[in-house]
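Colleague: Below are the sequence and a predicted model for it; my questions follow.
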Amino acid sequence: MTESTVTIGRFFEHVRDGALTAIRCEGCGALAVPPKELCPECGARRWEPVPLSGDGTIASYTIIRVAPRGHADEAPYAIAAVRLREGVSLLGRVVDVPLDALAIGLAVRFRPIVVKDRPVVGFGPA
Amino acid sequence: MRRVAVIGVGVTKFGRHERTSAELFAEAAADALADAETPASRVQALYYGNVVGGETEKQLHTGPQAASVLGIPTVPTTRFETACASSHAAFRHAVMEVGSGASDVVLVGGAERVLNVPTADSTEYFAYASDASWEQTLGLTFPGVFALVARAHMHKHGTTEEQMAAVAVKNHKHGVLNPKAQFRKEITLETVLSSPKVADPLKLYDCCPFTDGGAALVLASEDVARRARRPIWVLGSAAASDWMLIGDKGDLSRVPATERAAAAAYRQARIGPQDVDVVELHDCFTIAEIVATEGLGLFEPGAGGLAAEKGWTSLGGKIPVNPSGGLKAKGHPIGATGAAQICEVVTQLRGEAGPRQVEGARRGLTHTLGGNTATVLVSLFGRD
C-alpha cells in the first residue's frame, strides 16, 4: 500500500467529517473510488487523494421495504446509485426527499449520515 | 482438453425440508449415481457448492461433510462459494479436472438450507454477498440490487412492471409441470402486480423464494461416457466477474459479466445464441430474466421485456426459457441452483422432461448469476 492510498477506514472518517474523498491515479489520471491497490486503467500503483464536490444525479434508486434483520426498524428507506459530477458513482441512502419524488436524473448532494452508529454515504436535496 | 459429458443427474424436491443440507445433497447424489449406473466407488472427486451453511447451520467444511454423509468419505472435496452461482462454479472446475485427464469420474453438486431461519435472518445472510463496508451498512438487500437494475432498465428501455410480471406468470405456469418445483400453481399478472412491495419496483411475486434443496450430477470423460446410457456433452463452460460495488458497475441496465461469460462459452462451443433450443437461466428476480435474455444474445438489448410479454420465452415459444419453472417457481436453494439448472437441461436434451419437454431440443444453455451481478457462469450442452 502506498502512503497516499485512502483506506476504507480513512474514507469513512472523512465521511464523518462531511467530506467525500476519491483517489486519482498518478500514472494516467483515472479517478476511482477507494480503495484500489492497482489502477484498473493503467496498472500503476501510485494514487493521490482527491476531494469530491458531492454534487450528483440519481442513476437508479429503490425503496427498501423488506429490510435485513439489522435494519428492520428503519424501513422503508431509499437507496440510490448516484453519479457524481466528477464521474465516479457511489451508492448511498437518500434522506429528506419524499419517496414519491425520487427519480432517475434528480439532482442530489452528499451529506454524511449515521446508520447504526456508523457513518455511511448519504444524499439529500441538491 | 478431453471431451466431457454429464452421465447422471439427481435433484431433490425443492421447498421446505427437515433435513440438513448434507442430507439433501446426499439424496440428490445417490440419485445421480443411480441414473448414471455408476457405483460410488468410481467417483474420484467431489466439487460442491454451499453458501450460507456457516450462518444457517453453523457449519463450515461442508465438502467433506457432504461426502461423508453420501458415503464416499475419502475422495478429495472442494467447496465453492460464488454466492448463488456456487455449484455452477463447482461444475466448471470439475469439467476442467475431467477435461485435463486428472480424473475420469467426478461428482458435482450443491445444497442449501435456509427455511430453518426467519426471513429477516435469511435476508441478512444473503445480503452478505454485497460489500460489507460500503453496501451492507446502508441496508442494501438482494432484491434491492435488482430493483436498481429494474429502475435503470425501465428508464433506458421503457420496460414495464407488467412485462416483468409476465416472467413470473410464465415461470409459474412452467413450474406446474415440474413435480420437483416448490410452487406448482398458476398465477395471473394481477397476482404479481397487487403483491406487496419488497424493494420498489419489485414486488413479492417478482422475487424467487427462499428454498431448501440439493442437486447433483456425474461428470465423465469421453471413454467412460461412451458406455453410458445417454451422455450429454459439455460444449463449453465459462465464468466472468465484474466490479463488486454497485457504484463501480456503470450502466445498471446491463449485466456485463453475463455478456462476457456467454461470449466465452459460445466461442468454446463454436455455436451462437441462434443454435440454442432450451435455456435455464438465473431468474432470481423477474428483471434478472429479462436482462439475462438480452445478455445471452437471445434478444436485442431492450427487447427482453417485449419477449416476455409476447410469450416468446414460454414453452412452445421461439426460445423456451426456464421450462423447469426457474428459480421463481422451482425454487432457489442457492448452493444447489447451478447444478439443478444443469440437471434440467440434461433432462431436456435426453428428451425425458415429460409434459415440460422442449420438442426436439438438441442444444441447451445454463446461466447462473452470483449475488450482486459480480459473478456469472454460462455453460452449453449438446446431445449426440
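Modeller: That came through, no problem.
Colleague: what's the spacing between residue A:107 and residue B:201?
Modeller: Counting by CB to CB, to the nearest Å, the separation of residue A:107 from residue B:201 is 22 Å. Every residue, glycine included, has its C-beta placed from N, CA and C.
Colleague: Which secondary structure state is assigned to residue A:60?
Modeller: Here residue A:60 is strand, with the state taken from DSSP: H, G, I helix; E, B strand; the rest coil.
Colleague: Enumerate every residue touching it.
Modeller: For residue A:60, the contacting residues are A:80-81, A:104, B:148-149, B:151-152, B:155, B:252, by CB atoms under 8 Å, 6 or more residues apart in numbering or on different chains.
Colleague: Who wins on neighbours among those?
Modeller: Neighbour counts for the contacts of residue A:60 were taken using other CB atoms under 10 Å in any protein chain shown; the highest belongs to residue A:80, with 30 neighbours.
Colleague: Give me the phi and psi angles of that one.
Modeller: Listed backbone geometry of residue A:80 is phi -130, psi 150, with angles given as degrees, to the nearest 10.
Colleague: Could you tell me how far the nearest residue to it once chain neighbours are set aside is located from residue A:103?
Modeller: Closest residue to residue A:80 in three dimensions, ignoring its sequence neighbours and counting by CB to CB, 6 or more residues apart in numbering or on different chains: residue A:61, at 3.9 Å. Going from residue A:61 to residue A:103 by CB to CB gives 8 Å.
Colleague: just residue B:105 next, same as before
Modeller: Counting by CB to CB, the separation of residue B:105 from residue A:103 is 56 Å.
Colleague: With residue B:241 instead?
Modeller: Summarising the geometry, the distance separating residue B:241 from residue A:103, computed by CB to CB, is 31 Å.
Colleague: Compare those two (neighbour count), which wins?
Modeller: With neighbours defined as other CB under 10 Å, residue B:241 and residue A:103 compare such that residue B:241 has more, 15 against 12.
Colleague: Okay, and the beta partners of the more buried one?
Modeller: residue B:375 (DSSP bridges).
Colleague: What residues does residue 88 make contact with?
Modeller: Just going to use chain A. Residue A:88 touches A:22, A:31-33, A:52, B:247, counting by CB under 8 Å, 6+ apart.
Colleague: switch to chain B, that's the one I care about
Modeller: B:49, B:82, B:337-339, B:341-342, B:366, B:368, B:377, B:379.
Colleague: tell me the pLDDT at the residue nearest the centre of chain B?
Modeller: Central residue check for chain B by CA atoms, centre = their mean: the C-alpha nearest the mean position is that of residue B:338, 3.5 Å away. On the pLDDT scale, residue B:338 is placed at 98.
Colleague: Quick check: chain neighbours aside, which residue is closest to it?
Modeller: In space, and not counting its chain neighbours, residue B:338 is closest to residue B:88: 2.7 Å by CB to CB, 6+ apart.
Colleague: Surely residue B:342 and residue B:379 touch.
Modeller: Yes - when contacts are counted by CB atoms under 8 Å, residue B:342 is listed as touching residue B:379 (6.8 Å).
Colleague: Can you check which residues contact both of these two?
Modeller: Both residue B:342 and residue B:379 are in contact with B:88, B:91, B:366, where contact means CB under 8 Å, 6+ apart.
Colleague: with these in mind, which one is nearest to chain A?
Modeller: Using CB to the nearest CB, residue B:88 comes nearest to chain A of the shared contacts of residue B:342 and residue B:379, at 25.3 Å.
Colleague: List the contacts of residue A:114.
Modeller: With CB under 8 Å, 6+ apart as the criterion, the residues that contact residue A:114 are A:16, A:120.
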